[in-house]
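Asks: Curious how this folds, go ahead:
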Amino acid sequence: MSSGGITIEESTSPQTLAFFLSKGITVKENLIENTSSNKISLGLAAVQCGADVLEVCKLLNWRDFEIFSSKILKFHDYGVYVNYRIKNPTRQIDILGVRSKTAMIVDCKHWKYTSFSALQGIVKKQKERSILLCDKKLPSGIKRMYPIIVTFLPCEFQYIDDVPIVPIQNFNSFLLDFDDYNLGFFYAQPDSSSSRNSHHHSLS
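Replies: As a prediction, this is how the structure comes out:
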């Protein structure tokens, strides 16, 4: 492996190359380029082939995961702000994606959570960030801000407290269908403290 990527031997079978392509891994001139998307795709393929989940996660940089997630948002015409900071109190949002009147408040988790209580805590913090963001200066025109958790691996929970838990391999299809099935999702609304959730009015 070089700094530019992984070299594919000339003796590599066509079946192996076809497998790479089927997993979204880009091969150019016998080289798997050292890009965030290739790293994530290789990691997912390795896990599907039986590799140890924790070992694969250790090899993936959290920044690669954020970059890959942000690229998917950009592909769907979202304006993207990475590591967006809120002041007073200080909070950081992994990715803020803005399109038209909608914002995605994305928290990227590139390791595996098996505990429901741990995920509940993550969701609660993400809800709090979205509500805090309502009181700050935002890109103009935003009407609803949806907290989203994006994970490296599939999770047994699709939603927790009305917040979607989306595996990275499903993030593209989630965004494609978002406008059709977001009615049940939690959202925060700027300038409307009495209506910050489609179902509830607290973080309980």
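
Asks: measure the most centrally placed residue in the chain to Gln169 for me?
Replies: Closest residue to the average C-alpha location of the chain: Val150 at 3.5 Å, with Cα atoms, centre = their mean. Going from Val150 to Gln169 by Cβ to Cβ, to the nearest Å gives 10 Å. C-betas here are computed from N, CA, C, even on glycine.

Asks: could you point out which element follows the helix or strand the residue nearest to the centre of the chain falls within?
Replies: In the assignment (DSSP states H and E), Val150 maps to strand 144-151. For strand 144-151, the following helix or strand on the C-terminal side (DSSP H and E) is strand 159-160.

Asks: Now do the phi/psi pair for Ile165.
Replies: phi -110, psi 110 (degrees, to the nearest 10).

Asks: now it: how far from Lys143?
Replies: The gap separating Ile165 from Lys143 is 24 Å, by Cβ to Cβ.

Asks: neighbour count winner among those two?
Replies: More crowded of Ile165 and Lys143, by other Cβ atoms under 10 Å: Ile165, with 20 against 13.

Asks: if we can go back for a sec, quick one: pLDDT of the residue nearest to the centre of the chain?
Replies: pLDDT for Val150: 93.

Asks: quick one: it from Met104, how far?
Replies: 10 Å.

Asks: So what touches stretch 106-124?
Replies: For stretch 106-124, the external contacting residues (Cβ atoms under 8 Å, 6 or more residues apart in numbering) are 53-54, 57, 60, 62, 65-66, 69, 73, 93-97, 125-126, 129, 147-153, 155, 157, 160-161, 163, 165, 203.
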